[in-house]
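**Q** Show me how the following folds:
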Amino acid sequence: MIPLLILLQAHTPAIAKGADRISQGLPREVRQFLEFNLFKVKNFEITVFDIILILAIISLGRLLIIVVAGVLRRGFFRRNQVDQGRQEAVIQLVRYFIYTIVVIIGLEVAGVQLSILLAGSAALLVGVGLGLQQTFNDLVSGLILLFEGSINVGDIVELDNGLVGRVTDVGLRTSKLETRDSIGIIVPNSKFINNNIINWSHNRSLTRFIINVRVSYRNDPQKVENILLLSAREHSEVAQNPPPTVRLMDFGESGLMYELLFWTYSAWRIEYIKSEIRIAVFDRFRHEKIDIPYPQRDINLHFGWEELVERMINKNKGNSNEPGT
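**A** Here you go, the predicted structure:
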């Protein structure tokens, strides 16, 4: 209700007056069409010329965004070797800034006095702010992400629930992730600020991963280590520097526990890389007769086998003597 009253009291701004003076040189029929009132309440009116002017301002704003983005990409970004994620963040900020200017100019053209609008809507804005606290939290978090650059387009991140995805867009309120299953997920920006997020691409370098292997006690540890290292080194996406390593981690209940550590640039395909290395290890284990043990348990009886058999026989006899059996 308050914004409507403000609109009714608004007057034609200087921008619209200047455009009206320009339109005076047009033919009378065209000028009459442009001055046709689409909406009028008291002193507030919107004409066809106002709509055309607002559309022209929006088009110029979009054109300005394209021009500025092109200049930044071909000039500043290329000279300073700015990464793709940071480029998208800066261009996104430029886009929001230009859109804000376009909205302000559009309201001025429509005859809305912003100072009166803000003053008259103060109480309404307080109520809206209380109801949209989480939304404003996401908006502020989006600005922090765009300025800091801690999360950029193309980064591979792992959320606190274990979900892994590639960042495809960093917006002002939400960001978009694409999982390995090509499923798009929309994540509020406050999740990246308030929760613990693993950014596998943050350092833009190699990432280390681990494959756990259990082997029987009867196998030679040196032979097992050689097989694990060979299987990792032969994979095309495993880095040779630093080289893969093997650690004997523990003496387990059923066998020796090994860790195969390797480095790779292909963090996005890591589950496939691990699978391919495991298949290579299994084939070599089978060829070299290396045993992968099953879980084993020792059973201690408080009496001998004869007594156990006798009790089982007596139990079966008792069940057969029951009525109805």
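
**Q** ok, which stretches of this protein are strands?
**A** Using DSSP state E, the strands found in the chain span residues 37-41, 44-47, 156-158, 164-170, 174-179, 184-188, 198-199, 207-215, 245-251, 256-264.

**Q** Pull up the gap between Arg79 and Arg73, please.
**A** 11 Å (C-beta to C-beta, to the nearest Å). C-beta coordinates here come from the backbone N, C-alpha and C atoms, glycine included.

**Q** for Leu145, that is, sorry about that
**A** Leu145 is 21 Å from Arg73, by C-beta to C-beta.

**Q** what's the answer for Glu237, then?
**A** 30 Å.

**Q** next one: Ile313
**A** Noted for Ile313: a distance of 86 Å to Arg73, by C-beta to C-beta.

**Q** For these two, indicate the residue with more neighbours.
**A** Arg73 (15 against 10; other C-beta atoms under 10 Å).

**Q** Provide a list of residues in contact with the residue lying closest to Arg233 once chain neighbours are set aside.
**A** Excluding the flanking residues, the one nearest Arg233 by C-beta to C-beta, 6 or more residues apart in numbering is Pro244, at 6.0 Å. Neighbouring residues of Pro244 by C-beta atoms under 8 Å, 6 or more residues apart in numbering: Leu228, Leu229, Ala232, Arg233, Val238, Leu260, Leu261, Phe262, Trp263.

**Q** if you set the cut-off to 7 Å instead, what comes out?
**A** Residues in contact with Pro244, defined by C-beta atoms under 7 Å, 6 or more residues apart in numbering, are Leu229, Ala232, Arg233, Val238, Leu260, Leu261, Phe262.

**Q** In PyMOL, how would I select the buried members of those residues?
**A** A single PyMOL command selects the buried members of these (16 or more other C-beta atoms under 10 Å):
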select buried, resi 229+232+238+260+261+262
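
**Q** Could you save the contacts of Pro244 as CSV and add columns showing distance to Pro221?
**A** Shown next, in CSV, are those (distance: C-beta to C-beta, whole Å):
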residue, distance to Pro221
Leu229, 13
Ala232, 17
Arg233, 19
Val238, 22
Leu260, 13
Leu261, 16
Phe262, 19
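
**Q** got the contacts of Pro244 as a markdown table, with pLDDT and distance to Ile51 columns?
**A** Formatted as a markdown table, these follow (pLDDT from 0 to 100; distance: C-beta to C-beta, whole Å):
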| residue | pLDDT | distance to Ile51 |
| --- | --- | --- |
| Leu229 | 95 | 72 |
| Ala232 | 95 | 66 |
| Arg233 | 94 | 68 |
| Val238 | 94 | 62 |
| Leu260 | 96 | 67 |
| Leu261 | 96 | 65 |
| Phe262 | 96 | 63 |
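
**Q** Worst mean pLDDT across the helices and strands of the chain, which element?
**A** Lowest mean confidence among the helices and strands of the chain (mean pLDDT, DSSP states H and E): helix 2-9, at a mean of 37.

**Q** so what's the nearest residue to Val224 once chain neighbours are set aside scoring on pLDDT?
**A** Nearest in space to Val224, with sequence neighbours left out and distances taken as C-beta to C-beta, 6+ apart, is Val215 at 5.1 Å. For Val215, the pLDDT comes out at 93.

**Q** With Lys42 instead?
**A** Lys42 is given a pLDDT of 63.

**Q** I figured Tyr265 hits Phe209, correct?
**A** No. In this structure, Tyr265 is not within contact of Phe209 by C-beta atoms under 7 Å, at 11.5 Å.

**Q** Please say which of those two ends up with more neighbours.
**A** Ranked by neighbour count (other C-beta under 10 Å), Tyr265 and Phe209 place Phe209 first, with 17 against 14.

**Q** Show the contacting residues for the more buried one.
**A** Counting by C-beta under 7 Å, 6+ apart, Phe209 has contacts Phe262, Thr264, Ile270, Lys274.

**Q** Contact partners for the third one?
**A** Taking C-beta under 7 Å, 6+ apart as the criterion, Ile270 is in contact with Phe209, Thr264.

**Q** Let's see that with 8 Å instead.
**A** Contacts for Ile270 (C-beta under 8 Å, 6+ apart) come out as Thr207, Phe209, Thr264.

**Q** Save these as TSV, and put in distance to Ile52 and pLDDT too.
**A** Formatted as TSV, these follow (distance: C-beta to C-beta, whole Å; pLDDT from 0 to 100):
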residue	distance to Ile52	pLDDT
Thr207	55	86
Phe209	59	93
Thr264	57	92
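
**Q** returning to that earlier point: out of the contacts of Phe209, who's nearest Pro295?
**A** Using C-beta to C-beta, Lys274 is the member of the contacts of Phe209 that lies nearest Pro295, at 22.4 Å.
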